[in-house]
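Novice: Model the following, please.
(one chain, ligands or ions: 1)
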Amino acid sequence: MQTQLSKENVDFKKDLEDFLKKSLKGELNLRSLWQELYKNNYIANTNSFLKNILLTETICKLDPGIGLFLLTHFANIEIIKSFGSEDIKNKHLENLISGKEISCFSLTEENAGSDISQIETNAVRNGNKWLINGKKIWASNGSICDLIILFAQTKEKGDKSGITAFLIDSKQKGIEIKESTPKLGIKTTPSNEIILKDVEVDEKNIIGTTGDGVKIALSTITNGRIFCSAQAIGLLNGVLEEAVKHSVKRNQFGKSISDFQAIQWYIADMSKDLDGARLLLYKTAWAKDTNSSELNKLSSMSKSFSTKAAQRHSSNAVQILGGKGLIEDSYVAKAYKDAKVLEIYEGTNEIQQLVIAREIL
Ligand SMILES: Cc1cc2nc3c(=O)[nH]c(=O)nc-3n(C[C@H](O)[C@H](O)[C@H](O)COP(=O)(O)OP(=O)(O)OC[C@H]3O[C@@H](n4cnc5c(N)ncnc54)[C@H](O)[C@@H]3O)c2cc1C
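Specialist: Okay, the predicted model is just below:
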């Protein structure tokens, strides 16, 4: 395993950061952003997971909130690549990669969060169609998507689990996508409730086969965790830079606050965790690119390590900036709120502990 990025990847991050500084000016439209990234060859449509991770990290240094949009769409592309039928791939894969179609992933419900087996949305077979009814919550990209990857109970004889994944057109009759749920952080990406009333879906829009839902959901969350880790690392890099910039400039008691050991220790800890988190993330991305059997464990380790570090150090960055760190919408105040959210989605950090321990034991 390499412990350093290749020159090509270092240059990729640098070029992208310059590109983003220009393109992220003005009102942000997530679909247009993806399309611009694609047109300028920043989205890897080859099998380089690492490149898309570097892209996510670089973007999230500027705005961690974009990370949830990216991770959702990237993870969905992986679902279609790995489990979609030839028909689904031919119709949608290129559109998804180019950003012509934007996707959301809709699994969570009121009574089914960490325990996904409890979903109540159900799909009933009617000839070669399925009729879906239920209510979903927290669907990232819900209000901006064209396609929903939706999970429903379909218990039929011989199913491995009772859950099946469907690919659904978001404009389809019977679908109501609510306004984004107001949330603490990661506000750039919408989070929506989706109500389904007698939504008719063709048999050929099943992803995989009936009963494959849990397998598909878990593999998606494994990929999502890697992107979530990249999101946290981008944020951590951003707060470190802000903390360093402020601490060398700010004078109190006749000297720069960076001369105080208390501040130096914060900075040293941030820097250690950023480097450690990055190594773990890149190892995990390489594990994905090489189909390593360690992927599940590594993706949980990487997600929980980097999101915990992001949460701790964004709080410390606010501390270093003092009153300035509390100004609403300042970089560190926003990062502080964004970081907390990262500990919840793509599996809470307690669930990551379970996965890591289970893999080891
Ligand atoms: C911003 C955001 C975006 C999201 N995006 C999506 C999305 O796009 N699609 C989607 O389907 N879902 C999405 N989710 C939902 C997310 O996956 C769930 O919120 C998450 O899995 C936790 O479920 P919960 O909120 O119901 O918490 P709960 O499962 O109720 O957990 C509550 C607490 O109990 C702990 N806990 C639960 N079970 C155990 C256990 N076995 N051992 C130890 N501790 C446990 C948890 O760690 C947590 O601390 C999103 C959530 C948020 C906040």
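Novice: give the contact list for Gln118.
Specialist: Gln118 makes contact with 109, 111-112, according to CB atoms under 8 Å, 6 or more residues apart in numbering. Using the backbone N, CA and C atoms, a C-beta is placed for each residue, glycine as well.
Novice: Quick one: mean pLDDT over the strand or helix carrying Lys303.
Specialist: Taking DSSP states H and E as the definition, Lys303 sits inside helix 295-321. For helix 295-321, the mean pLDDT works out to 98.
Novice: next SSE after it?
Specialist: In the C-terminal direction, the helix or strand that comes right after helix 295-321 (DSSP H and E) is helix 331-342.
Novice: what's downstream of that following helix, the next helix or strand?
Specialist: Counting by DSSP H and E, the element after helix 331-342 in chain order, helix or strand, is helix 349-360.
Novice: and the helix holding Lys303, how far out from the chain's middle?
Specialist: Computed by CA atoms, centre = their mean, to the nearest Å, the chain-centroid distance of helix 295-321 equals 14 Å.
Novice: ok, which residues in the stretch 1-150 of the chain are in contact with the ligand?
Specialist: Residues of the stretch 1-150 of the chain lying near the ligand by CB under 6 Å from any ligand atom: 72, 105-108, 113-114, 138-140.
Novice: Which member of those residues is positioned nearest Thr209?
Specialist: Lowest distance from Thr209 to those (CB to CB) belongs to Leu107, with 17.8 Å.
Novice: Break down this structure into its helices, ranges please.
Specialist: Counting by DSSP state H, the segments of the chain that form helices are 7-23, 30-39, 49-62, 66-83, 86-88, 94-98, 213-249, 261-289, 295-321, 331-342, 349-360.
Novice: Buried residues, the shortest one. List them.
Specialist: Judged by neighbour count (16 or more other CB atoms under 10 Å), helix 86-88 contains these buried residues: Ile88.
Novice: model confidence over it, on average?
Specialist: 98.
Novice: Kindly report the same for stretch 19-27.
Specialist: Here stretch 19-27 scores 87 as its mean pLDDT.
Novice: List the contacts of it.
Specialist: 33, 36, 40, 42, 58-59, 62-63.
Novice: One more pass at 6 Å, please.
Specialist: 36, 62 (CB atoms under 6 Å, 6 or more residues apart in numbering).
Novice: Using PDB, write out the CA atom coordinates for it.
Specialist: The C-alpha trace of stretch 19-27 is given here as PDB (Å, rounded to 0.1, in the frame of the first residue of the first chain):
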ATOM      1  CA  PHE A  19     -11.600  25.400 -10.200                       C
ATOM      2  CA  LEU A  20     -14.000  25.400  -7.200                       C
ATOM      3  CA  LYS A  21     -12.800  28.800  -5.900                       C
ATOM      4  CA  LYS A  22     -14.200  30.200  -9.200                       C
ATOM      5  CA  SER A  23     -17.200  28.000  -9.700                       C
ATOM      6  CA  LEU A  24     -18.600  28.000  -6.200                       C
ATOM      7  CA  LYS A  25     -19.100  31.800  -6.300                       C
ATOM      8  CA  GLY A  26     -22.800  33.000  -6.400                       C
ATOM      9  CA  GLU A  27     -25.900  30.900  -5.800                       C
END
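Novice: residue contacts, Thr284?
Specialist: 226, 298-299, 302.
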